[in-house]
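Return atomic coordinates for the entry below.
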Amino acid sequence: MLHVQLDSPGTGNAVTSAMLDELLALLAVPDPAVRVIVLSAAGRDFCLGGDRDELFTGLDEDPTGGRIRSYGDKARRVCDALTNSPAVTVARVQGRATGAGFALALACDLRVGAENAVFRLPELALGLPVAWGGLLPRLLHEVGAARVREIILTGRPVGAVEARELAILQRVVPEQDLDAAVEEWARPVTRRPEAALRVTKTLLASHASATRLADASVLDSELMASVLAAAHYARGLADRPPAD
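Numbers count the residues shown, from 1 in each chain. The predicted structure is shown next:
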C-alpha cells in the first residue's frame, strides 16, 4: 500500500505546480507491486483548491496564459493517473475539499470522509470555469447533471452526509476512524490477484469513460487559461490612466 499525503497544511494544502510535479512523480509510472494507493492530507483540511497566487503570478509573467496551460495539463494528468491507476485509489478526506481538492478526491476509486468533510466548488464566484483535472465530466458521471448544475451555479457547500447520498463519498465515519475505514477497504484488495485487479480496474475505467460520451476535459487547461487571461487583460485596461 502506497500512502500519498498532501503536506502543506499552512496553505490549506493549496495545489501548486510543484505539488503536481511531485504527485506525477509518484503516480505517473505505476508500481505493479502496489495494490492500493491512499491519498490523504495533513492538517485540518483536505485541500482548499489551487494556489490562486501562483496562477495570477503566472499571468503577470506570461499574459498569454502559457503557465496556466502547463499547470492545467499537469492537473489533468494527475487526476487521470489516479483514475486509471492499476491500483485501487482511496481518498481519505477530512475538513474542506474545495475546487482542486474536490477534483483530486473524486478522481479516486473509493472515497471515505470524516463527519466534518465539506465539498465546495466556488469557481463561478471567483470568476473561474469549473475546469480542473477533468472534474466536471467525473462529477456529472458520478452524481448526475441536475444536482451538479445546482452545486456549481450556487457554489453552496455539500456536507458529508449529503456527499454520501450523492456518491461523492461512499462512506462517512468519525474523523478518528478514517484510518480504520481505509484499512477495512485495503485489506481485501491487497489479497486480490494482481492480474485480475489490473484488468478489472481497466474495465471499470473504460466503461466510465464510455458513459461520458464526449469528454472535453482535455480542454480544461485551455479554458482556464483563456478565462484568466481575459480577466487579467480587463483589469489591466481598468487600471490604465485615461488617454489625454
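
tell me the contacts of I37?
Contacts here follow CB atoms under 8 Å, 6 or more residues apart in numbering; on that basis I37 touches 1-2, 4, 27, 82, 85, 87-90. From N, CA and C alone the C-beta is placed, and that goes for glycine too.

now do 10 Å
Each residue near I37 by CB atoms under 10 Å, 6 or more residues apart in numbering is listed here: 1-4, 26-27, 30-31, 81-82, 85-91, 108-109, 186.

who's it bridged to?
The residues listed as beta-bridge partners of I37 by DSSP bridges are L2, T89.

Now intersect the contacts of I37 with the helices, please.
Mapping the contacts of I37 onto helices (DSSP state H) picks out 26-27, 81-82, 186.

from those residues, which would you call buried?
Taking 16 or more other CB atoms under 10 Å as the criterion, what is buried in the ones in helices among the contacts of I37 is 27, 81-82, 186.

any idea how far A42 is from the closest residue in space to L106 that isn't next to it in sequence?
Among residues not flanking L106 along the chain, R138 sits closest, at 5.1 Å (CB to CB, 6 or more residues apart in numbering). R138 is 25 Å from A42, where distance means CB to CB, to the nearest Å.

and those two? which has more neighbours close in?
R138 (20 against 14; other CB atoms under 10 Å).

If you count contacts, what does the helix or strand where that one lies end up packed against?
Assigned by DSSP states H and E, R138 falls within helix 135-143. Using 3 or more CB pairs under 10 Å, 6 or more residues apart in numbering; DSSP states H and E as the contact test, the elements touching helix 135-143 are helix 66-84, helix 100-106, helix 145-154, helix 194-211, helix 220-239.

Quick one: work out the angle between that helix and helix 145-154.
140 degrees (axes from the mean of the first three to the mean of the last three CA atoms, to 10 degrees).

Return the set of buried residues in helix 135-143.
135-141, 143.

ok, now stretch 160-179?
160, 162-164, 166, 168-173, 178.

Looking at the residues you listed, which one is closest to G99?
For the buried residues of stretch 160-179, the residue nearest G99 by CB to CB is I168; the value is 13.9 Å.

I'd like to know how far V143 sits from A196.
V143 is 29 Å from A196, by CB to CB.

which residues of this structure score low on pLDDT?
For the chain, the stretches with pLDDT under 70 are 58, 209-244.

let's see 80
Low-confidence segments of the chain, defined by pLDDT under 80: 55-66, 205-244.

correct me, but L126 touches G49?
Yes. Contact criterion CB atoms under 10 Å: L126 and G49 qualify, at 9.0 Å.

where do the contact lists of those two overlap?
Common neighbours of L126 and G49 (criterion: CB under 10 Å, 6+ apart): G99.

More neighbours: which of these two?
Using other CB under 10 Å, the more surrounded residue of L126 and G49 is G49, with 24 against 12.

gap between the helix or strand containing L39 and the chain center?
Using DSSP H and E, the element containing L39 is strand 36-41. Centroid separation for strand 36-41 versus its chain: 13 Å, with CA atoms, centre = their mean, to the nearest Å.

Using CSV, write out the CA atom coordinates for that strand.
The C-alpha trace of strand 36-41 is given here as CSV (Å, rounded to 0.1, in the frame of the first residue of the first chain):
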residue,chain,number,x,y,z
VAL,A,36,-3.7,0.3,-3.0
ILE,A,37,-2.9,4.0,-3.1
VAL,A,38,-4.2,6.2,-0.3
LEU,A,39,-4.4,9.9,-1.0
SER,A,40,-4.6,11.9,2.3
ALA,A,41,-3.8,15.3,3.6
